[in-house]
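A.B. asks: fold the following.
(chains A, B, C and D)
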There are 2 protein chains.
Amino acid sequence: MVKYSTEKPILVAVDCIVFGYDGEDVKLLLIKRAIKPLKDQWSLMGGFIGHNEDLDDAAQRILLQLTGLKNVYLEQLHTFGKPDRDPVERTISVTYFSLIDINKYSKQINDIYHAEWFKLSETPTLIFDHGMMVKTAMEKIRYQAALHPILFELLPKKFTIPQLQNLYEQVYDMPIDNRNFIRKITASGLLIKQEEKDKSSSKRGAFYFKLDKHKHKAQFKSFLNFVGKRTPG
Amino acid sequence: MVKYSTEKPILVAVDCIVFGYDGEDVKLLLIKRAIKPLKDQWSLMGGFIGHNEDLDDAAQRILLQLTGLKNVYLEQLHTFGKPDRDPVERTISVTYFSLIDINKYSKQINDIYHAEWFKLSETPTLIFDHGMMVKTAMEKIRYQAALHPILFELLPKKFTIPQLQNLYEQVYDMPIDNRNFIRKITASGLLIKQEEKDKSSSKRGAFYFKLDKHKHKAQFKSFLNFVGKRTPG
DNA sequence: ACAAAAGTGTTGGCTGTACACCCATGC
DNA sequence: GCATGGGTGTACAGCCAACACTTTTGT
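C.D. replies: Presented below is the predicted three-dimensional model:
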């Protein structure tokens, strides 16, 4: 069989940036690196791709191993490839980001891997260029969420509009007028009102909603406008 | 020194999807593959990354070798990594897309590499998954151009508004009302009117404009709205 | 004079924003 | 009854699509 070349090999890794929401805070999932160098430093979840493994599959596998979650929202972000980004060997990293509901996430597996959730504002220093990866992911999510209903991926099946608003406010780090938000979000037709109310955060209680998955899928590619026109940040 | 593993190596390639505009048509630059297998089939411009080469640098290098152009608009698109995408060896491909003014492009180098411009509608079948790469690039450009002034990268220093409109119409494959287009684009403040007119395509002639590069850079990240709200396609 | 492309004006509807106000309920 | 968060109503401004019209000039 033909071969292309005999250059020194370059390793291919996949790193996953996992964002979660617990109804209160947007958080980032990190683990302590298991191998030298920089052992026990905080790191994204990563691993090398198998020789017969698709990139997307590798990302799913790594996420499954770490969170026990299948079929989560997972999207390729960017490929990082500076020659010196990993001091051990030349490694390029294909990054993926994921959005999950923290409460769905299984605690046991968390413990096995010593993974921890960090509030975005309290993210520790990460190894290599992982800090840059997180920054890039955050920018992409802001970009996408301004146009598409991706943030629903972070929510449980039932959620309230104030919860949703809080999520948007955290992602964009700015206050949103609740009255306009409610109207905009209900006008989108994406939500199905439930009978039940959540009384945990107010006396009056806020109605639970479910996502209309059909409409969500249909509208996913259309351009919506969930936040203001200002540049995020 | 520590080493990570001894898995069979995976090759890392860079492929460039180069779009051009000659004032009439949006075109795609392709070459005939120089090596076996599939020798002489149409292909994107690609190559393997050097062992000490950054991904972005590799893309610039490949583009320079093929077009003689430096400092062109070049943006990482997506990384393709299906195990069987290249039948010879396991190769992942980091793709970049580029937008250039065809008239700036030096013909000689073109001839050396046997590169040819194809109208988008007349693109031949490409090797491997290159067809999918082109499709992905086109989608991304439509997405981006709806919000950011990236299509100016395809134009020469001086251009007319009808030329610009024609470009948008081709990218989105739909007619645009010229009267609204003119107002929208002039209102953006991105254009500087020149004295001179282009008389080649009408009796009255159309004023030339130059891009206000400062404003272009400043507004690049802000969300604009150059096309309608419909989903492109 | 006329055709053909470039460019200006005008309108009405939709959408986003700001902000005043009412509602439900636990204390 | 009052504080607190949830939710509705209203009013204004800006933007955009649609379409009528004028301007320029080669033939």
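A.B. asks: quick one: strands adjacent to whichever strand or helix holds A:Tyr208?
C.D. replies: If you go by DSSP states H and E, A:Tyr208 is part of strand A:206-211. Strand pairing for strand A:206-211, using DSSP bridges, gives strand A:158-160 (antiparallel), strand A:191-198 (antiparallel).
A.B. asks: in a markdown table, list those along with distance to B:Glu116 and mean neighbour count.
C.D. replies: Where you see a C-beta, it was placed from the backbone N, CA and C, and this is true even at glycine. Output for those, formatted as a markdown table (distance: least, C-beta to C-beta, whole Å; neighbours: other C-beta atoms under 10 Å in any protein chain shown):
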| stretch | distance to B:Glu116 | mean neighbour count |
| --- | --- | --- |
| strand A:158-160 | 54 | 19 |
| strand A:191-198 | 52 | 13 |
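A.B. asks: that older thread, in the strand holding A:Tyr208, which residues are buried?
C.D. replies: By 16 or more other C-beta atoms under 10 Å in any protein chain shown, the buried positions in strand A:206-211 come out as A:206, A:208-209, A:211.
A.B. asks: what's in contact with it?
C.D. replies: In this structure, residues lying in contact with strand A:206-211 by C-beta atoms under 8 Å, 6 or more residues apart in numbering or on different chains are A:152, A:155, A:157-164, A:190-194, A:196-198.
A.B. asks: just put the buried residues of strand A:206-211 in TSV and tack on pLDDT and distance to B:Asp56.
C.D. replies: As requested, these are exported to TSV (pLDDT from 0 to 100; distance: C-beta to C-beta, whole Å):
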residue	pLDDT	distance to B:Asp56
A:Ala206	96	47
A:Tyr208	97	47
A:Phe209	97	44
A:Leu211	96	38
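A.B. asks: out of those, flag the one nearest to DNA strand D.
C.D. replies: A:Ala206 (3.8 Å; C-beta to the nearest atom of the strand).
A.B. asks: okay if I get the strands paired with strand A:206-211 as JSON lines plus mean pLDDT?
C.D. replies: Shown next, in JSON lines, are the strands paired with strand A:206-211 (pLDDT from 0 to 100):
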{"stretch": "strand A:158-160", "mean pLDDT": "97"}
{"stretch": "strand A:191-198", "mean pLDDT": "95"}
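A.B. asks: what residues sit buried inside the helix or strand hosting A:Gly47?
C.D. replies: According to DSSP H and E, A:Gly47 maps onto strand A:45-48. Using 16+ other C-beta under 10 Å as the test for burial, strand A:45-48 gives A:45-46, A:48.
A.B. asks: after that strand, next one along is what?
C.D. replies: helix A:55-67.
A.B. asks: how far out from the middle of the chain is that following helix?
C.D. replies: Counting by C-alpha atoms, centre = their mean, to the nearest Å, helix A:55-67 is centred 13 Å from the centre of its parent chain.
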